[in-house]
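> Compute the structure for the input listed below.
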Amino acid sequence: MLGTRRAPRLLPGMSDAACVTVEAPRSHRKANVLVVDDNLANRISMEAVLGKDHNVIHAGSGPEAIAIIAARNDIDVVLLDVQMPGMDGFEAATRIKELPGAGDIPIIFVTAVYAEDPYVRRGYEVGGVDYFSKPFNPELLRLKVQLYAFLPAQG
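Numbering: from 1, shown residues only. This is a model prediction of the structure:
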């Protein structure tokens, strides 16, 4: 995941300079983790767990996450809440996976509500690589994020 990924895509109103990204080799930079949750307290909690070892980027909704991933080529892992107003995590994951060059970004679902088998299965069906229920074990989440961030791109 770290290292090479797709070329950045310009959004309306963005200049070429806004998308120039020079990526350091995997061993020389922290993984970029996009945390998507409509609850700010949950995003802050995730940053407290992951921020020491990873660059944590916040998104408060599915559409915001999609816009961030469409504009950047350096997101290594997405932590995605399932239950959000407007666009739920399953729909957001589906749309993220459809973005050019984003199909290999690992998505980890994190939820307090949908931990039953049909929802977990749906998470995997839409491209998730893992599923955590809240409350989660912080050390296990750190280890999994590190693992997924450094897996080579598939495909």
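> what's the residue closest to the geometric middle of this structure?
By Cα atoms, centre = their mean, the chain has its centre lying nearest to residue 78, at 1.1 Å.
> Bridging across strands, which residues link to that one?
With DSSP bridges as the criterion, residue 78 is bridged to residue 34, residue 107.
> can you tell me which residues contact it?
33-34, 36, 65, 69, 93, 96, 105-108 (Cβ atoms under 8 Å, 6 or more residues apart in numbering). Using the backbone N, CA and C atoms, a C-beta is placed for each residue, glycine as well.
> so where do the helices sit in the chain?
Taking DSSP state H, the helices of the chain run over residues 16-19, 40-50, 62-71, 89-98, 117-125, 138-150.
> Output those helices in CSV, with mean neighbour count and mean pLDDT appended to each entry.
Formatted as CSV, those follow (neighbours: other Cβ atoms under 10 Å; pLDDT from 0 to 100):
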stretch, mean neighbour count, mean pLDDT
helix 16-19, 10, 42
helix 40-50, 16, 95
helix 62-71, 20, 98
helix 89-98, 20, 97
helix 117-125, 14, 84
helix 138-150, 16, 93
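> could these go into a markdown table alongside distance to residue 83?
As requested, the helices of the chain are exported to a markdown table (distance: least, Cβ to Cβ, whole Å):
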| stretch | distance to residue 83 |
| --- | --- |
| helix 16-19 | 32 |
| helix 40-50 | 11 |
| helix 62-71 | 11 |
| helix 89-98 | 7 |
| helix 117-125 | 10 |
| helix 138-150 | 18 |
